[in-house]
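>>> take a look and give me a structure for this.
(4 chains)
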There are 2 protein chains.
Amino acid sequence: MTTPGRGLHGRVLDALGPAITAGEYPPGSVLRTDELAQRFDVSRSVMREAVRVLESMHLVESRRRVGVTVRPRAEWNVYDPQVIRWRLAGSDRPQQLRSLTVLRSAVEPVAAALTATHATAEQCAELTRCALGMVATSRGNRLEDYLVHDVAFHRVILTASGNEMFARLGDVVAEVLAGRTHHEVMFEDPDPAAVTLHVQVAEAVREGDPVRAERLTREITVGALQELDILAP
Amino acid sequence: MTTPGRGLHGRVLDALGPAITAGEYPPGSVLRTDELAQRFDVSRSVMREAVRVLESMHLVESRRRVGVTVRPRAEWNVYDPQVIRWRLAGSDRPQQLRSLTVLRSAVEPVAAALTATHATAEQCAELTRCALGMVATSRGNRLEDYLVHDVAFHRVILTASGNEMFARLGDVVAEVLAGRTHHEVMFEDPDPAAVTLHVQVAEAVREGDPVRAERLTREITVGALQELDILAP
DNA sequence: TGTGACAAATAAGTCTGACTTTTTGGCTTC
DNA sequence: GAAGCCAAAAAGTCAGACTTATTTGTCACA
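Okay, here's the model as predicted:
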């Protein structure tokens, strides 16, 4: 992902950010810049920079005479990739994984429809390559190789949609898929039906059939929801 | 919205952020911290804090010996409310409004379905109040009052969905709706059909009918897309 | 001619200490 | 008990000195 610990203030962030998102400092907690600077053994200037970044993520609020206050979760910038990463690394990983999967289920089908409408020939080819790669690695306990193609597939769908907001969710989807493979529900070879669906989505995009691409992608995301027991049976 | 100009570094951000998102400093441009500090007449420490925030938004990258480089648009954190506000205030307002509307069209229907599944009685009542408010203000050139109820309606849908990621889009939707009323396509009373759809969505949610709520909300968002000529005819 | 190491220049990064400003909470006073 | 004033506290700001990493250019050597 992104380079961690870029400079001293980055080091501080990597310690303080996860602590806050994990609820170690619950909302309403008050921190003091000087004290934090001492605790992390950095100068006040470095500490201030870190606080400013946390502030821009709406994780904390800094006010004169009172200090640095942790904000309620509802105000956090939950779309900030850094915040997402911190939360995925901490105790509310399951909760984060669930809400991201629901987001996926809303966005990806629409993105697939858009991609079917105006994907370039090159993007179609790339999509097909990814799907075939998934087929090739879907058996024989090659989960890690499968993941690479899976991530690439969804990334193409999101970027080829031509919508910048969708495109930026590529990293998020990558995190979700990686999380599923590494920590959660996938223990054996992926569901053959899911693999087939990916191949069919690539087909639909190639044929320029947005309705079919959307429907098939919706089936994929429904499967992802079911894996996490989000859908009522 | 949020409080602007909170401190000196905030003042600098409000000047530099829009300048960057507007393309005044195109991607690849190199700025120097000291020079910027002079230009804005602030100390280097303040300037550094501002740069750190821009960096956390992935708008710029700061590297030793080279300076502060503007990143390509594709890497910007386009979900950061501050970035969205800057872009909406600048020259690519139309482009931003379009991509946000597409995002809405993906998210809101799914959110409505979730809301129909598990909205509290209080949330149902609030939703109905909003819909009735829209009806009451839909005639007689009361666009401003109508907007208030419209925004409230969509905010309830998004927050009552129970998904934190959806809930955080409330502000974004508010910006889009306000933008439409204030600068773009709405010159006369709102489309009566759209008003009726909102009332029906409230009904469907009250009755706990997720499928109908989703379908009706999709009709609303399709209308929004058509207003911006995004859908192929 | 190309390549390696080495040196100089450059701009960000860091630290420190002094000073300013705002806010709050208590205390005085009427 | 309410209004207003005072003092403490913590963030905010600034200036200057110093460190460090990175790039670029140079020069010698193969």
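>>> how about the helices in chain A?
Listed in chain order, the helices of chain A (DSSP state H) span A:8-21, A:33-40, A:44-56, A:81-89, A:93-118, A:121-136, A:143-160, A:164-167, A:170-183, A:192-206, A:210-227.
>>> what residues does chain A have near DNA strand D?
Counting by CB under 7 Å from any atom of the strand, chain A comes close to DNA strand D at A:31-34, A:44-45, A:48, A:51, A:62-68. Placement of C-beta: from N, CA and C, glycine included.
>>> nearest residue to the middle of chain A?
With distances taken as CA atoms, centre = their mean, residue A:172 lies nearest the centre of chain A, 1.9 Å away.
>>> so that one sits against residue A:84, correct?
Yes: using CB atoms under 8 Å, residue A:172 is in contact with residue A:84, at 6.3 Å.
>>> against which helices or strands is the worst-scoring helix or strand of chain A on mean pLDDT packed?
The weakest-scoring helix or strand in chain A, judged by mean pLDDT, DSSP states H and E, is helix A:170-183 (a mean of 90). Counting contacts by 3 or more CB pairs under 8 Å, 6 or more residues apart in numbering or on different chains; DSSP states H and E, helix A:170-183 is packed against helix A:81-89, helix A:93-118, helix A:143-160.
>>> I'd like those as TSV, with mean neighbour count and distance to residue B:27 appended.
Below are these laid out as TSV (neighbours: other CB atoms under 10 Å in any protein chain shown; distance: least, CB to CB, whole Å):
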stretch	mean neighbour count	distance to residue B:27
helix A:81-89	20	19
helix A:93-118	22	24
helix A:143-160	22	17
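>>> closest one to chain B among the ones you listed?
Among the helices and strands packed on helix A:170-183, helix A:93-118 comes nearest to chain B, with 3.8 Å by CB to the nearest CB.
>>> for that closest one, the distance to its chain's centre please.
10 Å (CA atoms, centre = their mean, to the nearest Å).
>>> same check on stretch A:166-174?
Relative to the centre of its chain, stretch A:166-174 is centred 6 Å away, using CA atoms, centre = their mean.
>>> what do you get for stretch A:16-30?
On CA atoms, centre = their mean, the centre of stretch A:16-30 falls 21 Å from the chain's centre.
>>> please apply the same query to stretch A:152-169.
13 Å.
>>> how long is it end to end?
End-to-end distance of stretch A:152-169 (CA to CA, to the nearest Å): 13 Å.
>>> from residue B:47, how far out is residue A:46?
According to CB to CB, to the nearest Å, residue A:46 stands 15 Å off from residue B:47.
>>> which one of those two is surrounded by more residues?
More crowded of residue A:46 and residue B:47, by other CB atoms under 10 Å in any protein chain shown: residue B:47, with 25 against 20.
>>> name all residues that make contact with the spatially closest residue to the more buried one that is not a sequence neighbour.
Leaving aside its chain neighbours, residue B:47 sits nearest to residue B:37 (4.0 Å; criterion: CB to CB, 6 or more residues apart in numbering or on different chains). Residues in contact with residue B:37 (CB atoms under 8 Å, 6 or more residues apart in numbering or on different chains) are B:43-44, B:46-47.
>>> ok, how many other residues are close to the spatially closest residue to residue A:193 that is not a sequence neighbour?
Leaving aside its chain neighbours, residue A:193 sits nearest to residue A:223 (7.6 Å; criterion: CB to CB, 6+ apart). Using other CB under 10 Å, the number of residues around residue A:223 comes to 15.
>>> hmm, residue A:223 is touching residue A:196, no?
No: between residue A:223 and residue A:196 there is no contact under CB under 8 Å: 11.3 Å.
>>> present the helices and strands packed on helix A:170-183 as TSV; the columns should include mean pLDDT.
Formatted as TSV, these follow (pLDDT from 0 to 100):
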stretch	mean pLDDT
helix A:81-89	95
helix A:93-118	96
helix A:143-160	97
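>>> I'd like those laid out as a markdown table, including distance to residue B:127.
Formatted as a markdown table, the helices and strands packed on helix A:170-183 follow (distance: least, CB to CB, whole Å):
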| stretch | distance to residue B:127 |
| --- | --- |
| helix A:81-89 | 29 |
| helix A:93-118 | 19 |
| helix A:143-160 | 31 |
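>>> does residue A:224 touch residue A:103 like I think?
No: Residue A:224 sits out of contact with residue A:103 when judged by CB under 8 Å, with a separation of 11.0 Å.
>>> mind showing which ranges of chain A have poor pLDDT?
Scanning chain A for pLDDT under 70 picks out A:1-5, A:184-187, A:231-233.
>>> okay, now the domains of it?
What automatic domain parsing lists as the domains of chain A is A:8-75, A:93-227.
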